[in-house]
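Asker: Everything below, folded, please.
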Amino acid sequence: MKHYNFRRNIGALVALVAAVLTTPFSSADQKKDTGIDKAQIPKWSADDLAFFLHGSMSTEVVPEPVLRAFIQTYPDLFPRPDLANLGLIPDSDFGWPIGFSRKEVKHLGNLSAVGLNCAACHVAEIHSSKDAAPVRVLGVTSHFDAEAFFGAVIVATFRTTDPENMKRFASAYLAAIDPDVDESTRKLLTDEWERQKEKIAAEMKADPFGSKGVEPGALHDIAPGALVLDDEILEHEKDLAAFSRSILKLFHNMRAALHIPNQPPEKAPPSSGPGRNDAFGLLSAGLFNAPQPYAPVKYGLVWNVGKRHWVHWDGNTRSPLGRNLLASLGLGAPLHGKHGELDFAVVKRQTDLTETIQAPHYPSKIDEAAAKRGAAHYTANCVSCHGGTESDKRLYSVAEVGTDPLRAELFTKEQSTRFNKFLAELETAGYQPAKEEGLRSTGKYWAASLDGVWARSPYLHNGSVRTVQELLTPPAQRAKTFHRGSQDYEAAEMGYADAGVYVFDTSVRGNSNSGHDYGTALTADEKRDLLEYLKTL
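Answerer: Numbering: from 1, shown residues only. This is a model prediction of the structure:
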């Protein structure tokens, strides 16, 4: 029986990259229907794009055969094998969605594993009509529900502490290693499992979370052979109790790399939904053992970043590189004391690429006459906050803007000090801490430039307003709830359709859609003209 090579799924992509390694996009490339506006990335080569979509950030934390086995074993957690239900964009050439990377990981038994990179949260697909091809936008807030993905993975690890579930998992894992596995091998596994089931159950009961023998948060050394399962070793009466024990240790290593304890939580944390999370809050809890109230914001915009000195919705970060190092260490790159086990060069390359992404052009026809009329309304209602140079003059207090205060309140001076100290003491090959502190507490919100605003739905820092049309509606009249997850775009209102499985409830703490009442006094015709003008930015 031949062994399955997970790399063969990307053979076509590798061949393409080899052929055009560092060649800038040609006119022929411009004509390819990739759905990506190459004007967003005029200086990128084909290799740059491939790296942005699937390059590593050292976050590979879920072994491929494990994830495939989870998908097969727990369809309630993973209802779609391509993970599109999580807002991800499938990529059949790579074998996993856009924003997934892969490499072999030592502490995961040298299995090929997948992780996330910038593209998972910053590439979105927009469907404008049934007849038009989908448009892919780089640097935008994606539809990805990161918390749902990691939540499903972690719940699956805990479920598999049950011997019966481990049996089902082992069968799926066998098929994931070799999709061509035959029925005789499946029967061999079933027979061997039945013969050894008492020993398997005893071994699993003795250490259900695979945590014995290591300090909390530390990693086991797992020999690659301990995770092998095929017909040849089954025929030699493989010790399935030892295999199960190794799988539990593997699960421990996955959770430890994600800073997740080995005990399931008594109460599940609130769900942020598609395109949102509380990154700094999660990092504070995981890295510093300093949990704070839940304050999710939508994924930030990653275009024209090179023009900004400070980034994020509250202008709290001057170092995108430092922010991405934190992201890598929070999403699966192991941390041993002050030493981060990551490839600094790839994190820097991802960061450098994101700083050159340009705002996307509106992909459909614009009513030029209406847009010309709307320019005056833009000048009267928007420019004073969103125009001018990218300086701290763009920071506005909660009292001035009136939007939900939670994020601005929670990223305190104490929090910024924690993160600055962490980055100053971080040790990883190639990394030199910045001479100036990279994070600060502003207690305010940033008025971003409105380039590409048509693609930024939902609106406000917490994603609490579905469309620009609704943002131009008095706050008291805005929808109290709406659905998230749809990729269908409503051009007339400038935002995603009110559809999807996630219900956004603005009454939840941190989710308020109050404030930002600028332009709400315009007439319906004036608002329409303003929307047309905004499409030109």
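Asker: Next one, pLDDT for Pro264 please.
Answerer: In this model, Pro264 is scored at 75, pLDDT.
Asker: what's the answer for Thr403, then?
Answerer: pLDDT, Thr403: 97.
Asker: For Trp454, see how far away it is.
Answerer: Between Thr403 and Trp454 the computed distance is 21 Å (CB to CB, to the nearest Å). From N, CA and C alone the C-beta is placed, and that goes for glycine too.
Asker: How about Gly519?
Answerer: Taking CB to CB, one finds Gly519 at 16 Å from Trp454.
Asker: again, but for Glu232
Answerer: Using CB to CB, Glu232 is found at 57 Å from Trp454.
Asker: quick one: which of the two has more around it?
Answerer: Per other CB atoms under 10 Å, whichever of Glu232 and Trp454 has more neighbours is Trp454, with 26 against 11.
Asker: tell me the contacts of that one?
Answerer: The contact partners of Trp454, by CB atoms under 8 Å, 6 or more residues apart in numbering, come to Tyr362, Val468, Met494, Leu534, Lys535, Leu537.
Asker: Out of those residues, flag the one nearest to Pro79.
Answerer: Within the contacts of Trp454, the smallest distance to Pro79 is 30.7 Å, found for Met494 (CB to CB).
Asker: Near the closest residue to the closest one other than its chain neighbours, how many other residues are there?
Answerer: If the residues on either side of it in the chain are set aside, Met494 comes closest to Val468, at 3.9 Å by CB to CB, 6 or more residues apart in numbering. By other CB under 10 Å, 24 other residues sit near Val468.
Asker: distance of Val468 from Val346?
Answerer: 37 Å.
Asker: now do Val453
Answerer: Val453 is 31 Å from Val346, by CB to CB.
Asker: more neighbours, the two?
Answerer: Per other CB under 10 Å, whichever of Val453 and Val346 has more neighbours is Val453, with 22 against 18.
Asker: What does the more buried one show for phi and psi?
Answerer: For Val453, the backbone dihedrals are phi -60, psi -20 (criterion: degrees, to the nearest 10).
Asker: pLDDT score for it?
Answerer: At Val453, pLDDT is 96.
Asker: residues contacting it?
Answerer: Neighbouring residues of Val453 by CB under 8 Å, 6+ apart: Val468, Met494, Leu534, Leu537.
Asker: likewise Ala434?
Answerer: Contacts for Ala434 (CB under 8 Å, 6+ apart) come out as Ser319, Gly322, Leu423.
Asker: Among the residues you listed, which one is most surrounded by other residues?
Answerer: Neighbour counts for these peak at Gly322, which has 23 neighbours (criterion: other CB under 10 Å).
Asker: Is it located within a helix, as I assumed?
Answerer: Yes: counting by DSSP: H, G, I helix; E, B strand; the rest coil, Gly322 is found in a helix.
Asker: quick one: it and Gly402, what's the gap?
Answerer: Gly322 sits 31 Å away from Gly402, going by CB to CB.
Asker: next one: Tyr362
Answerer: Tyr362 is 29 Å from Gly402, where distance means CB to CB.
Asker: same question, Lys38
Answerer: Separation of Lys38 from Gly402 (CB to CB): 39 Å.
Asker: Can you pull the phi/psi pair for Tyr445?
Answerer: Torsion angles at Tyr445 (phi, psi; degrees, to the nearest 10) stand at phi -120, psi 150.
Asker: list the contacts for it?
Answerer: Going by CB under 8 Å, 6+ apart, Tyr445 touches Trp313, Asp314, Gly315, Leu395, Tyr396, Val398, Val401, Thr403, Arg407, Ala408, His461.
Asker: from these, which ones fall inside helices?
Answerer: Among the contacts of Tyr445, the ones falling in helices (DSSP state H) are Val398, Val401, Arg407, Ala408.
Asker: from memory the first one sits against Lys444, does it?
Answerer: Yes: counting by CB atoms under 8 Å, Val398 does reach Lys444; the two are 7.2 Å apart.
Asker: overlap in contacts of the two?
Answerer: Listed as contacting both Val398 and Lys444 by CB under 8 Å, 6+ apart are Ala408.
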